[in-house]
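>>> Build the 3D model from these lines:
(one chain, ligands or ions: 2)
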Amino acid sequence: MAKPISIEVWNPSGKYRVVSTKSMPGTRWIRLLADNDCRLEICTETKTILSVDDILALIGDRCDVQLTEEWGEVLFSALKRAGGTAFSNMAVGYNNVDVEAANRNGIAVGNTPGVLTETTAELAASLSLAAARRIVEADQFMRAGLYDGWLPHLFVGNLLKGQSVGVIGAGRIGSAYARMMIEGFKMNLIYYDLYQSTRLEKFVTAYGQFLKANGEQPVTWKRAATMEDVLREADVISLHPVLDKTTYHLINPERLAIMKKEAVLVNASRGPVIDEVALVEHLKANPMFRVGLDVFEDEPYMKPGLADMKNAVVVPHIASASKWTREGMATLAALNVLGKIKGYPVWGNPNLVEPFLKEDATPPAACPSIVNAKQLGRYYYVPPAIVKALRTGARSIILYLSVQDHTPLHEV
Ligand SMILES: NC(=O)c1ccc[n+]([C@@H]2O[C@H](COP(=O)([O-])OP(=O)(O)OC[C@H]3O[C@@H](n4cnc5c(N)ncnc54)[C@H](O)[C@@H]3O)[C@@H](O)[C@H]2O)c1
Ligand SMILES: O=C(O)[C@H](O)CO
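Ligands and ions are numbered 1, 2, ... in the order given. Got it, this is the predicted structure:
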């Protein structure tokens with residue numbers, strides 16, 4: 001039997017036992033669970049990453065649902081044995097979750113999309129600027145007392161205006177990042193994604209027309225046929241795909257070699273999207289090539305040599321770390337599991353989660369985002385207006401649920 005784990009308990013007499021492996025920001029998520037007859041146990045262990053045994057101890061022999069951490073067959077089957085039916089990641093990415101194992105055990109898997117988009121894109125934009133303008137190097141130089149007067153060559157970096165920004169993975173976050181760089185710095189877009197992002201293309205076209213009408217150079221867009229086209233052409237490249245078999249080591253020695261010598265590469269997706277050993281070699285050989293990294297291949301560690309590279313800006317996986325976003329993630333994670341307990345349907349569009357985030361309002365009676373809803377045969381939330389329209393005999397309904405053209409629309 002694994003050793004006991006220290007916990008803090010809310011609403012001890014609650015009927016449903018909900019376990020959170022981490023303390024999450026804000027208090028709304030706690031209130032939502034406690035007010036709905038849940039006994040909430042929050043792990044208070046000081047270590048950052050819990051082992052499988054730690055989590056088994058937390059699940060115990062009766063647990064209704066579980067939030068966050070690395071999950072596979074051992075944990076999902078233990079959760080099922082304890083009577084559990086739901087798990088939620090406090091993250092949009094769920095490459096840490098073996099969804100097949102969850103399906104085999106009939107466990108609903110939640111994630112928290114939509115609330116991280118702008119926050120994560122802003123951090124990617126910050127890393128782009130910090131790397132292009134050598135902000136961290138210059139800050140360290142200043143603090144070291146090395147500044148003895150203005151010099152024409154001191155920390156010369158790259159101008160972004162009019163250059164081209166490359167986005168690989170133009171989904172929610174990639175598209176938001178692209179818009180920031182285009183609107184903020186008037187960069188031209190080249191992107192690569194498995195799907196076309198017509199919304200993003202339309203945005204760039206309209207913004208280009210606006211600039212032209214005001215006598216400025218219009219911005220342009222191009223959807224690249226291959227990822228290599230983006231790598232060859234772009235001055236700043238930001239990676240925003242999901243991590244899966246197709247994107248593991250997407251940036252490898254061959255692809256690094258075709259990038260511009262003075263390019264800036266940013267990664268706020270997942271560490272293994274870049275072959276980090278190859279990246280360190282590339283940074284050593286190309287001092288004007290710069291990177292901004294939020295994520296690492298062997299998190300929390302960096303590959304040997306990376307920490308010594310002046311042309312790398314590194315931050316500890318903080319892309320979603322704004323107060324609003326983190327509290328929103330906690331709320332969505334809690335509502336995913338609460339919705340499963342209550343037998344609620346799954347929200348029709350996981351990209352449009354604002355109704356769940358209104359601080360003083362009762363959230364919709366739905367699970368905000370369950371990634372294996374279809375596999376588990378869950379049904380979807382239909383907005384009351386549509387139900388009413390159907391009841392009053394409407395013959396056709398315009399579905400307005402897809403905010404992103406290439407995001408598959410869940411069945412309603
Ligand atoms: N660093 C952080 O804190 C942080 C925060 C949020 C999200 N993320 C990561 O960012 C990822 C993207 O999040 P999102 O909300 O934008 O997801 P999303 O699903 O909206 O976008 C992902 C995009 O990647 C594309 N894609 C998939 N495979 C590809 C391939 N082989 N080549 C090119 N494009 C490909 C998809 O078509 C999609 O458009 C998450 O899965 C997560 O791993 C990291
Ligand atoms: O995928 C995510 O949501 C992040 O990595 C956590 O911020």
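
>>> The residue nearest to L75 when sequence neighbours are not counted - how many residues pack around it?
Nearest residue to L75, sequence neighbours excluded (C-beta to C-beta, 6 or more residues apart in numbering): I55, at 5.7 Å. Glycine gets a C-beta too; all of them are placed from N, C-alpha and C. Residues lying near I55 (other C-beta atoms under 10 Å) number 23.

>>> quick one: low-confidence parts of the protein?
Low-confidence segments of the chain (pLDDT under 70): 1-3, 65-69, 382-391, 393-412.

>>> which residues does the residue nearest the centre of it contact?
The centroid of the chain falls nearest to V92 when counting by C-alpha atoms, centre = their mean (4.7 Å). Residues in contact with V92 (C-beta atoms under 8 Å, 6 or more residues apart in numbering) are 111-114, 116, 172.

>>> moving C-terminal of the strand or helix carrying I173, what's the next helix or strand?
Using DSSP states H and E, I173 maps to helix 172-185. Downstream of helix 172-185, the first helix or strand assigned by DSSP H and E is strand 188-192.

>>> any residues touching that next one, and which ones?
Contacting residues not belonging to strand 188-192 are listed as 162-170, 174, 178, 181-182, 197, 200, 204, 219-224, 226-227, 229-230, 233-234 [C-beta under 8 Å, 6+ apart].

>>> Mind checking which of the residues you listed are in strands?
164-168, 221-223 (DSSP state E).

>>> what two of these are the furthest from one another?
Greatest spatial distance among these (C-beta to C-beta): I168 and W221, at 14.6 Å.

>>> neighbour-wise, which of the two wins?
Between I168 and W221, counted using other C-beta under 10 Å, the more crowded position is I168 (25 against 20).

>>> Can you name the residues that contact the more buried one?
Contacts for I168 (C-beta under 8 Å, 6+ apart) come out as 174, 191-193, 227, 230, 237-241, 250.

>>> One more: L40?
Contacts of L40 (C-beta under 8 Å, 6+ apart): 9-11, 14, 18-20, 30, 33-34.

>>> now I237
Shown in contact with I237 (C-beta under 8 Å, 6+ apart): 165-168, 230-231, 259, 263-266.

>>> let's see 6 Å
I237 makes contact with 166, 265 under the criterion C-beta atoms under 6 Å, 6 or more residues apart in numbering.

>>> go on, G174?
Contacts of G174 (C-beta under 6 Å, 6+ apart): 167, 240.

>>> Kindly report the same for T247.
T247 neighbours (C-beta under 6 Å, 6+ apart): 241, 273.

>>> Go again with 10 Å.
Neighbouring residues of T247 by C-beta atoms under 10 Å, 6 or more residues apart in numbering: 95, 168-169, 227, 239, 241, 269-270, 272-274.

>>> now it: how far from ligand 1?
Distance, T247 to ligand 1, using C-beta to the nearest ligand atom, to the nearest Å: 5 Å.

>>> For D193, see how far away that residue is.
Between T247 and D193 the computed distance is 11 Å (C-beta to C-beta, to the nearest Å).

>>> Now the common contact residues for these two.
168-169, 227, 241.

>>> Would you list the phi and psi of the closest residue to ligand 1 within the stretch 51-200 of the chain?
Of all residues in the stretch 51-200 of the chain, G171 sits closest to ligand 1, at 1.8 Å by C-beta to the nearest ligand atom. G171 adopts backbone torsions of phi -90, psi -140, taken as degrees, to the nearest 10.

>>> Which segments of the protein make up each domain?
For the chain, the TED database gives the domain ranges 7-111+322-403, 117-314.

>>> before we move on, the earlier item: any idea how far E45 is from the residue nearest to L75?
Counting by C-beta to C-beta, the separation of I55 from E45 is 11 Å.

>>> what do these two both touch?
Common contacts of I55 and E45 (C-beta under 10 Å, 6+ apart): 5, 21.

>>> Excluding sequence neighbours, find me the nearest residue to R326.
P25 (4.2 Å).

>>> Pull the contacting residues for the one you found.
Applying C-beta under 10 Å, 6+ apart to P25 gives the contacts 90, 321, 323-331.

>>> cool, T246 as well?
Applying C-beta under 10 Å, 6+ apart, the residues near T246 are L194.

>>> Likewise for K261?
285-289.

>>> again, only this time at 8 Å
Contact analysis of K261 by C-beta under 8 Å, 6+ apart lists 286, 288-289.

>>> now swap in A321 and tell me
A321 makes contacts with 119, 123, as judged by C-beta under 8 Å, 6+ apart.

>>> pretty sure N105 contacts S77?
Yes - counting by C-beta atoms under 8 Å, S77 is a contact partner of N105 at 5.5 Å.

>>> contacting residues for A101?
Going by C-beta under 8 Å, 6+ apart, the list of residues near A101 reads 71-73, 76-77.
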